[in-house]
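S.K.: Sequence plus the predicted model coming up.
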Amino acid sequence: MEFSLAALDLPHGWRLDEPGTLTAVAPAATDLFVDPAGDPPALSAPRALFAPPPGDWQLSARVRVDFAGMYDAGVLLLWSDERHWAKLCFELSPQGRPTIVTVVTRGESDDANGFTVDGAVVRLRVTRHGRAWAFHASTDGSYWQLIRYFALPGDDVRVGFEAQSPVGAGCTVTFDEIRLVPERLADLRNGG
């Protein structure tokens with residue numbers, strides 16, 4: 001089923017285009033990261049969030065990033081509060097490669113790289129699975145690779161979209177083919 005983007009409170013500079021395309025602009029020096037080394041938290045990245053349906057569900061989108069600077073990214077985001085959140089990123093690595101990256105923050109951020117992607121487009125998916133969460137990514141929309149399976153504290157978790165440009169001059173991210181499926185994913189690890 002198609003998800004109604006009307007539920008989103010859009011940050012300045014973001015827009016909805018028909019049919020069902022969200023364009024997000026990340027200003028320069030914007031990020032979501034709580035450095036485990038003790039540097040001050042970065043919580044400046046613009047985000048558009050909504051309350052998901054009860055029970056199990058899957059939110060997916062095709063993500064296109066106009067990569068310009070290191071760590072520019074388009075993100076599917078789970079948000080509980082400023083110290084409890086998780087993001088599934090399509091991000092430009094320090095080596096200049098588009099990369100699937102996850103960050104799970106439970107007080108401090110735990111940052112992990114997944115696989116690299118040829119090109120500037122990928123599909124990302126967030127899955128609610130009982131009390132747990134799963135992040136998947138796909139280069140073709142058919143086979144979904146499990147990137148991370150984890151817990152996140154808090155009962156009031158919202159979900160949505162984020163754009164960031166931590167060290168760059170800003171970037172534009174396009175989310176389309178957005179789908180919210182209110183059902184349990186039968187198997188987190190079989191690629192479905």
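M.R.: The structure has been received and is ready for your questions.
S.K.: center of the chain, which residue is that?
M.R.: residue 76 (1.8 Å; C-alpha atoms, centre = their mean).
S.K.: quick one: that one and residue 40, what's the gap?
M.R.: Residue 76 sits 25 Å away from residue 40, going by C-beta to C-beta, to the nearest Å. Where C-beta positions appear, they are placed from N, C-alpha and C, glycine not excepted.
S.K.: likewise residue 98?
M.R.: 28 Å.
S.K.: okay, those two: which has more neighbours?
M.R.: Shown here are residue 98 and residue 40; by other C-beta atoms under 10 Å, residue 98 has more neighbours (21 against 7).
S.K.: tell me the contacts of that one?
M.R.: For residue 98, the contacting residues are 65, 67, 90, 91, 92, 116, 117, 118, 119, 120, 122, by C-beta atoms under 8 Å, 6 or more residues apart in numbering.
S.K.: Which neighbouring elements make contact with the top strand by length along the chain?
M.R.: Criterion DSSP state E: the longest strand present in the chain is strand 170-181. Identification of packing neighbours for strand 170-181 by 3 or more C-beta pairs under 8 Å, 6 or more residues apart in numbering; DSSP states H and E yields strand 21-27, strand 57-65, strand 73-81, strand 158-164.
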